[in-house]
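A.B. asks: sequence-free structure coming up:
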């Protein structure tokens, strides 16, 4: 593992007008790490993800990809370094699922080493991983929300980037596909990808992320391993909901239940 | 005629398209139109020249185009007054097509369906389909692209200057006569028309009173026009020893204000215009009409469109009827 | 529609034979039929004669003049105008991520008519014959930028916003054209009708040439953006994540689209709904992939306008129906159906 993290944020703030959406956020994700961003609604999770993606520039501080300021990359270069799964992808035209996944290969088309065969192989592998091969010829807008998310995830995998950012990848999935998707992300991370995911489900976050950032009102309320962050009082006050943290009976991670 | 008709039709569509009810502004802006037509008449004899050729006539038209005419066996006329002149010249049997403004003579109406104006103007193919050897129209035939299209099919198109004065009728007749090679018949016809016009104006000159007249034109209630000084009808009104009471532009909108300012003793209009309004009762119900002297007396003279506005062979006849209608006391002297 | 990939590929194989076959039939019919009928064999003979080949079929000089000088420029212009509207319609639908986008519906045609009208009213000056298309281009581009700025919200265009913005822009442009046409001298009155109703009646080679150039440039450039338009359909943020320089592509596309629409409207007035009908019909066969959709929509739009113009010239012969009226008669109901379906499927966000 090199000394430079795959993705890092130093003292970043983000303001729109006089409203500070994020203040003083610092974090780093090494290759192979899976960072979960948690926090109540309006805490700034999506804003943070858009800074990480390079969609928006921080008002203060800096976001770096492999040691280079993210704003210094040209769009095409950036697309080979980080992939983004949005909360929902609406497509108002009847592309097939396979068409959508194939679009993930676009950043590689400028690469002479890339080939049509390689595209096909990567697309097929990504669809197999996300359990969407059987949807290949279905029209994307006709798929269920969960199926659409998995197809979109396959597209993100097909992009073959060292950094993957996901905005609530499990929100639309059933429990089986939630677990399957999180395992997939772990596998990807184990293969050397740096992953950042905004997660609503605290127990999924605790079970699969190796590091967590808890955001509250645009500030980092806590960060560290799930056991470090899952402080009963901190969670309860942050979410304004009385909660109990205990040990997961079968997994080596904390478990949170509503009191 | 065609110009007025297309102008009125155009206004209707524009007003509708604008979706506004502010018709007065729209119509006011159209008024420059007739001014150009009347000024051009004085130049007619200088810009229209004809000279005999060994194998035909070379004619420089009102549009500046030089046309060589070698064959007059199949003529298409694009104006009602020109059709009348052609029949009066004795070449009516060579006329194979006329446009919708032709309403006289009856033989001309036997030629099959008239050439339609498309959206107020002509299209090329129906003309070409008649396989003419010569097309004659006045300076307002257009658009120029359609004329070019007809010419591109190898058909000569002669466009003569527009004439809207009593004096200009001679020029018009002689020009048409030269184009079809009937100069002698043309001179005779011009003499006859001049004599008829002179007779009518001389008769009118004996009248003691000069009634105040306003000419109204309409293409439906949405397109109401008031013709004033400088318009074609003012020449007829002057010839009939009457006063054109309209103060405004040659062609302006008919508004209650303009009517009150004019306050004519007699309204004059055409049969088609009156028909488009729905008859005399509808006319007298137009805003402002009833408040004029002519409106109070329901004094309205109606003439055939082609007869009254044509400025062709029948203008002497039209003028005489107009004089006698305005000055009924002269009926005994005539 | 099953959307099965093999089926889509199979359908795509038939696309070009059908388009070309229909197109050739429309060409022969357009050149032959009219107030002055010329038989199809003679039409072919005349065309070959001009290519220096004598087929041994007799025809008269007048038939030659009608086919070659009168109808051919009109036909070529009609095809290119239709191609411009079909191609730019498909591109607009992709760019706005909205199946209801069409040059007329969103006001580009109105802007182009106004731009061309202004140039013609004040006189083209040194621009000459290019004045109309240049004015049309400027007008269409102005409206395109305005609509893009006004109708979009968070990277998407709401159907109602898009259509209403187009309605407002069209109304302003229409009123301005109406004002122009009465504020200048008489002959222009006819020009106003021409803009509102759309027509090829006045086509000559001289008037067609600048438009052909504008449309050709636009159609040549459009396919370069096909892949990026596909990515834009995922959403602007998603396209950016996939390496598309969204702002640049958007600006370039609007310019290229305005070139096509400006050129088309300058020569033929506002011919509505072609940009809607052609891409939607073609999409049923090609699917939404712009690499197939853009060229096929252009050719489809061209063929569609050829058929519409044939109907315009022959339905009420010898009177010509403005071709824009015919496309609106067919396109209007189609638009309403599409509006209903789009809202049913995607809600307000079409």
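C.D. replies: That came through, no problem. Computed from a predicted model, the values in this text were never measured in an experiment. Numbers count the residues shown, from 1 in each chain, chains lettered A, B, ... in the order given.
A.B. asks: do a quick rundown of the helices in the stretch 51-200 of chain B.
C.D. replies: With DSSP state H, counting those that start in this stretch as the criterion, the stretch 51-200 of chain B has helices at B:80-88, B:124-129, B:144-152, B:168-179, B:183-205.
A.B. asks: how many neighbours does residue C:153 have?
C.D. replies: Residues lying near residue C:153 (other C-beta atoms under 10 Å in any protein chain shown) number 10. In this view, the C-beta of every residue, glycine as well, is placed from N, C-alpha and C.
A.B. asks: hey, what's it bridged with?
C.D. replies: residue C:156 (DSSP bridges).
A.B. asks: quick check: it touching residue C:160?
C.D. replies: No. Taking C-beta atoms under 8 Å as the definition, residue C:153 is not a contact partner of residue C:160, at 11.0 Å.
A.B. asks: can you get me a residue count around residue 233?
C.D. replies: The chain I'm using is chain A. 10.
A.B. asks: my question was about chain C, not that one.
C.D. replies: 25.
A.B. asks: cool, and residue B:280?
C.D. replies: Residue B:280 has 14 nearby residues by other C-beta under 10 Å.
A.B. asks: and the closest residue to it other than its chain neighbours, what does it touch?
C.D. replies: Leaving aside its chain neighbours, residue B:280 sits nearest to residue B:300 (6.0 Å; criterion: C-beta to C-beta, 6 or more residues apart in numbering or on different chains). By C-beta atoms under 8 Å, 6 or more residues apart in numbering or on different chains, residue B:300 lies in contact with B:266, B:267, B:268, B:269, B:274, B:280, B:283, B:284, B:294.
A.B. asks: over to residue B:300: give its phi and psi.
C.D. replies: Note on residue B:300: its backbone torsions stand at phi -140, psi 130 [degrees, to the nearest 10].
A.B. asks: return the distance of it relative to residue B:269.
C.D. replies: Computed as C-beta to C-beta, to the nearest Å, the residue B:300 to residue B:269 distance reads 7 Å.
A.B. asks: overlap in contacts, those two.
C.D. replies: Contacts common to residue B:300 and residue B:269, judged by C-beta under 8 Å, 6+ apart, are residue B:283.
A.B. asks: show residues contacting stretch C:335-348.
C.D. replies: A:90, A:92, A:141, C:99-100, C:102, C:105, C:158-160, C:163, C:273, C:276, C:280, C:350.
A.B. asks: ignore the last one, stretch C:51-65
C.D. replies: Taking C-beta under 8 Å, 6+ apart as the rule, stretch C:51-65 contacts B:128, B:131, B:152-154, C:36, C:38, C:41-42, C:44-46, C:48-49.
A.B. asks: circling back to that earlier point, how about the contacts of stretch C:335-348, which pair is most distant?
C.D. replies: A:90 and C:273 (25.4 Å; C-beta to C-beta).
A.B. asks: quick check on the two: which one has the bigger neighbour count.
C.D. replies: residue C:273 (26 against 18).
A.B. asks: next up, the contacts around the more buried one.
C.D. replies: Residue C:273 touches C:102, C:104, C:105, C:327, C:328, C:330, C:331, C:332, C:334, C:335, counting by C-beta under 8 Å, 6+ apart.
A.B. asks: among those, who's most crowded?
C.D. replies: Counting by other C-beta under 10 Å, top hit in the contacts of residue C:273: residue C:102 with 31 neighbours.
A.B. asks: that one belongs to a helix?
C.D. replies: No. Applying DSSP: H, G, I helix; E, B strand; the rest coil, one finds residue C:102 to be coil, outside a helix.
A.B. asks: ok, now which ones touch it?
C.D. replies: Residue C:102 neighbours (C-beta under 8 Å, 6+ apart): C:89, C:92, C:93, C:272, C:273, C:274, C:275, C:276, C:335.
A.B. asks: where exactly do the strands run in the stretch 1-150 of chain C?
C.D. replies: With DSSP state E, counting those that start in this stretch, there are no strands along the stretch 1-150 of chain C.
A.B. asks: returning to what we had before: name only those of the contacts of stretch C:51-65 that count as buried.
C.D. replies: B:128, B:152, B:153, C:36, C:38, C:42, C:44, C:45, C:46, C:49 (16 or more other C-beta atoms under 10 Å in any protein chain shown).
A.B. asks: nearest to chain A among those residues?
C.D. replies: Using C-beta to the nearest C-beta, residue C:44 comes nearest to chain A of the buried ones among the contacts of stretch C:51-65, at 40.3 Å.
A.B. asks: next, the contact list for that closest one, please.
C.D. replies: C:28, C:55, C:57.
A.B. asks: I'd say residue B:250 and residue B:233 touch.
C.D. replies: No. Taking contacts as C-beta under 8 Å, residue B:250 lies outside contact range of residue B:233: 9.4 Å.
A.B. asks: show me whatever sits in contact with both of the two.
C.D. replies: Residues touching both residue B:250 and residue B:233 (C-beta under 8 Å, 6+ apart) are residue B:227.
A.B. asks: so these two - more neighbours on which side?
C.D. replies: residue B:233 (27 against 23).
A.B. asks: pLDDT wise, what is the more buried one at?
C.D. replies: Here, the pLDDT recorded for residue B:233 equals 92.
A.B. asks: same thing with residue C:286?
C.D. replies: 88.
A.B. asks: could you measure from it over to chain B?
C.D. replies: Applying C-beta to the nearest C-beta, to the nearest Å, the value for residue C:286 to chain B is 36 Å.
A.B. asks: number of residues surrounding that residue?
C.D. replies: Count around residue C:286 with other C-beta under 10 Å applied: 23.
A.B. asks: and if you look at the one 3 residues further on?
C.D. replies: If you count neighbours by other C-beta under 10 Å, residue C:289 ends up with 20.
A.B. asks: buried stuff in stretch A:106-116?
C.D. replies: For stretch A:106-116, by 16+ other C-beta under 10 Å, it's A:106, A:107, A:108.
A.B. asks: stretch A:54-63 too?
C.D. replies: A:54, A:55, A:56, A:58, A:61, A:63.
A.B. asks: top helix in chain A by residue count?
C.D. replies: helix A:175-190 (DSSP state H).
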